[in-house]
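>>> Build the 3D model from these lines:
(chains A, B and C)
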Amino acid sequence: MKTDAKPHLTQLTIHELVDAYRAGSTTPTAATEAYLARIAAHDDKVGGYLTVTREEALAQAHAADERYRKGIPRGPLDGAPFAIKDVFCTRGIRTTCGSKILDGFVPPYDATVVTKLKEAGAVVLGKTNMDEFAMGSSTEHSGFKLTRNPWDLARVPGGSSGGSAAAVAGDLAVAALGTDTGGSVRQPAAFCGVVGLKPTYGRVSRYGLVAFASSLDHVGPLTRDVQDAALVLETIAGLDPHDSTSVPEAVPHYAAALTGDVRGIKIGVPKEYFTPGMDPDVQRSVREAIAVLEKLGAATEEISLPMTDYGIAVYYIIAPAEASSNLARYDGVKYGLRVPGGKDLIDMVSRTRAAGFGAEVKRRIVLGTYALSAGYYDAYYGRAQKVRTLVRRDFERAFARVDLIVAPTTPGVAFRHGEREDPLSMYLNDVFTVGADLAGLPGISVRCGFSAAGLPIGLQVIGRAFDESRVLRVAHAYEQATSWLEKRPQL
Amino acid sequence: MNARPAPATKSYETVIGLEVHAQLLTRSKMFCGCPTSFGAAPNTQTCPVCLGMPGVLPVINRSAIEFSVKTALAFGCRVNRACRFARKHYYYPDMPKNYQISQYEEPLAEEGWLEIEVGGGVKRIGIQRLHLEEDVGKLVHEGTLETAHASLVDYNRAGVPLMETVSKPELRSPEEAAAYLRAFRAVLVYLGVCDGNMEEGSLRCDANISLRGRGAKELGTKVEIKNLNSFRNVQRALEFEVERQARALDAGERIVQETRLWDADRGYTRSMRSKEYAHDYRYFPEPDLVPLELEPSFIAEIQANLPELPRARRQRFVSQHGLPPYDADVLTQSRALAEYFEAAVRDFPNAKVVSNWVMSELLRVLPGDDEAAIRATKLTPSRLAGLLTLVDDGTISGKIAKDVFEKMFRSGDDAAAIVKREGLTQVADTGALERIVDDVLAANPRPVDDFKKGRSAAKGALVGLVMKATQGKANPGLVNSILEEKLSKA
Amino acid sequence: MIGDKDVEHVARLARLALTESERARMREQLSAILQYIDKLKAVDVEGVEPTSHAVPLLNVMRDDEPAPCLPQSEALANAPDRVGEFFRVPRIIED
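Predicted coordinates for the structure are as follows:
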């Protein structure tokens, strides 16, 4: 990080922080205390956290202190204070998925990725706010509170991992876990100017990730810089016997891929990702970023992803359909909210779901149920899954010619709260991100500039399945060749 | 229901199909590692997965697949190498996720058959399909389902592997239906894939029944009958239904397509309060599981290791061992008993004798369908054969042998050891016996007199006295002939 | 596009009690969304296989080994209504 003033403890990246732990110049407890203090001072403005786990965090930090004192730290994440999106089950800690229907739910088990982080020595500061059940692109659909973009508190942080993105951007956690189903890691990362990585589908276990759309949900880190994203991915990736869709692919030492050398890498720039209606600042920044990559030695060419126009339509059939199924379990019987006074079981269940779910979730449940219902399955869900195959083929064809795809992450920058009330206009935010979800391909968003109003802009890099190393390498090289990270939001 | 109107069934043909759900004898559940044993305290055999908690994912139990393939092959089904699981959606509190992971368009197996014996003949009933799914939890109603203010839920059973088989509608009478279920159960128990316990619910049966005019091609409106928890109840419920539907059709009424519950106590089926709209299960392929593509070698190995099934074994006992059908029936009631019999015959190759001893003596001390007890008994088939050999070569009498049998069962000792230890060897020394007979005749003039006077029963008494004098060890045949001789001379 | 009856039917399938105004608003919004989604009709999907599974894996199974269960207290800990060792639910009218 090139800056004149000495950075505060809460401004360091994971790797800088852990270096400091190793050097003895600070401790996990000091860092954790510093973060907790910042949360106490600023989170009422930002609204990133739903639950802060102060005692548990300090206990974990103390244990990490001990390990550094004894010279036996667990690895590159030991003592790093993380925020966890409230969609992940955390044993003994309230988990709401941003929904009133799970208020009071305390899971008796940890998600696999949470276990992995804890085993790596990470400190869990708390659970972050999100769009209810990960359905949304602004975190305005949380059942509990609003999250504000640290760059401009009148604007959204993006969604659904808005709390996580805002926490990292606002220095309220060194890194966070989020989930990406239609873009929910990359889009808030772009809006908040942080790094957001969505790995290949099956790279990271989904066990303990409360399902929204099973075939589209991905776990991903939000971090300050690309090296941190690589470190987190190394820790959370890998086969999990609890997840039948996790892939037995060896986990490479991702951080070792960050050589800075991008010479000879062929980059495709999809013409469909530069649409007439999009923000001209975004267009300009991304084009300039591509020029930087060319200067670094990458070869760029224009490509076409003709199915881009259909991505939203495909996504907004498949995701709600799977969601309507995954959310059927919330019925007031075994956990969560139960509305009293129902005259019988069906009445209780219907009232509980009516009271517990917000408008966006209800909308998607109805849409999804409709798409799966008798007589409509072939026309909607069946057809959408076929078009999805065509979207995947689009990418396969592109990757026969190029190694990576570079594009904007979003068509615009963070918008104001309440600006996108119409559901369809909200859905269109996801136009550049859904493709990588539908195809299960790895994608990252990194900061590549600011709009005229000073809002961050995200550059997206998409790669072949299980080629996170190359995605990270190019993103890192770009990051190191520019100085966008010097600017910080003023909270 | 007091007066029973005359059955109106002559003009109709009964069409029945049976749907059987069998809990598989795997050690753990279908999609998680919870144990499957029956009778545990409520909600003590659950985990986040089978409770349908947020964030959980299923993982297929390999044994459940193996057991299902085994069953499918035993029924002559075509195993679909490529198959997958699907979600079946409906709301009910015994189903934690409000969808059941089942199979829909690509079931594990299809197009099999089962032979049943009815009316002295053999009939082949088609099996439409066989698939795997997860069982649901148990509901306990405070009162009856109608009067209860609330119900209680136990999820121990939720997630147990359930194999569903659907027969073709080729059964033509309640009797055939009961026979089908019996034969079906026997195959499953023989294979060791299900314990067939209908009282505990590890084997459950629903029936679909409709009536049509004799000679009609179209099927009538079918009614589903549930709560059939024994062979007898299957037959009774269907007999009731045949009458009910026939009477209704005779009266010109329309049969309502519905689900009816059999009430065993009151002897009738009653309609479940239901709206007449069918469930929309909204099936779609289970995205949390990947498809199965079973290797041909995997299927072939299971095929090669299929045990001989009950009917085939019964027939072979008659043809190969020359046993009467009654004996074959009794001896094949369980796989363990049949194997016991054949092992004994290997060492003592007189099948009828072995059969007699197994049926009259062994089955006095062991239940014929208790696989575990039969396999565990200390009175092994080879030991039984040893006992029978001693009888056959005259070492001991048949009567003594029965005592020895008891002792062998309790102690686990060989027949020879017991006979030696207790000096039970038959006395066949003619000279010694003659002396004993002389003594008995001399000491008992009355029976001798009675015999001479024509009372042949007196001879039996004398035989008894000789046996007593020899502690039962005298060879009865010899005693008889010596006595005969001496009495004729007396 | 999607009628009031459709929304009512689907809401019942999904066990969602909607108010009349919610139903009306839902019908409007969903009609607009479904209209947008209709662009998929223009795509030629002849002979195209659906993406039923997102990973190219087959035969993922586990050994039939029992694993530790949740203690009864943890299984019941989140129950909205618990009676002894059971979850309790209001009376069930057959549907």
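>>> The residue in the stretch 101-250 of chain B positioned nearest to chain A bridge partners, please.
Using Cβ to the nearest Cβ, the closest approach of the stretch 101-250 of chain B to chain A is made by residue B:153 at 7.2 Å. In this view, the C-beta of every residue, glycine as well, is placed from N, C-alpha and C. Beta-bridge partners of residue B:153, counted by DSSP bridges, are residue B:139, residue C:87.
>>> how far away is it from residue B:95?
Applying Cβ to Cβ, to the nearest Å, the value for residue B:153 to residue B:95 is 10 Å.
>>> Quickly list what's touching both of the two.
Common neighbours of residue B:153 and residue B:95, using Cβ atoms under 8 Å, 6 or more residues apart in numbering or on different chains, are residue B:137.
>>> Need the pLDDT of residue 17.
All of this is about chain A. We have a pLDDT of 98 for residue A:17.
>>> my bad, chain C
95.
>>> just residue B:438 next, same as before
The score at residue B:438 is 88. That number is its pLDDT.
>>> who touches the closest residue to it other than its chain neighbours in this structure?
Closest residue in space to residue B:438, ignoring its immediate chain neighbours: residue B:486 at 7.3 Å, by Cβ to Cβ, 6 or more residues apart in numbering or on different chains. Counting by Cβ under 8 Å, 6+ apart, residue B:486 touches B:434, B:437-438, B:441.
>>> For the lengthiest helix in chain C, which helices and strands make contact with it?
Longest helix in chain C, counting residues (DSSP state H): helix C:20-37. Applying 3 or more Cβ pairs under 8 Å, 6 or more residues apart in numbering or on different chains; DSSP states H and E, we find helix C:20-37 packed against helix A:311-326, helix A:359-372, helix A:423-427, helix C:4-13.
>>> Just give me the neighbour total for residue B:198.
Using other Cβ atoms under 10 Å in any protein chain shown, residue B:198 has 17 neighbouring residues.
>>> quick one on the thing from earlier: shouldn't the residue nearest to residue B:438 be within a helix?
Yes. Counting by DSSP: H, G, I helix; E, B strand; the rest coil, residue B:486 falls inside a helix.
>>> Low-confidence stretches in the stretch 1-150 of chain B?
Low-confidence segments of the stretch 1-150 of chain B (pLDDT under 70): B:1-10, B:145.
>>> Name the SS class of the residue of chain C positioned farthest from its centre, please.
Relative to the C-alpha centroid of chain C, counting by Cα atoms, centre = their mean, residue C:65 is the outermost residue, at 30.5 Å. Classification of residue C:65 by three-state DSSP places it in coil.
>>> coming back round to it: just the buried residues of the contacts of residue B:486.
Buried by 16 or more other Cβ atoms under 10 Å in any protein chain shown: B:437, B:441, out of the contacts of residue B:486.
>>> okay, now residue 79: neighbour count?
This is for chain A. 31.
>>> Wait, chain C was what I had in mind.
18.
>>> Confirm that it lies within a strand, as I assumed.
No. Assigned with three-state DSSP, residue C:79 falls outside any strand and is coil.
>>> To what extent is residue B:446 buried, counted in neighbours?
Residue B:446: 9 neighbours (other Cβ under 10 Å).
>>> And it, which helix or strand is it part of?
Using DSSP states H and E, residue B:446 sits within helix B:445-452.
>>> who touches that helix?
For helix B:445-452, the surrounding residues in contact (Cβ under 8 Å, 6+ apart) are B:441, B:457-459, B:461-462, B:465, B:487, B:490.
>>> ok, now which ones touch residue A:207?
Here residue A:207 is in contact with A:111-112, A:240, A:242-243, A:246, B:55-57 (Cβ under 8 Å, 6+ apart).
>>> burial measure for the closest residue to chain C within the stretch 151-300 of chain B, as a count.
The nearest approach of the stretch 151-300 of chain B to chain C comes at residue B:152, 3.7 Å away (Cβ to the nearest Cβ). Applying other Cβ under 10 Å, we find 21 other residues in the vicinity of residue B:152.
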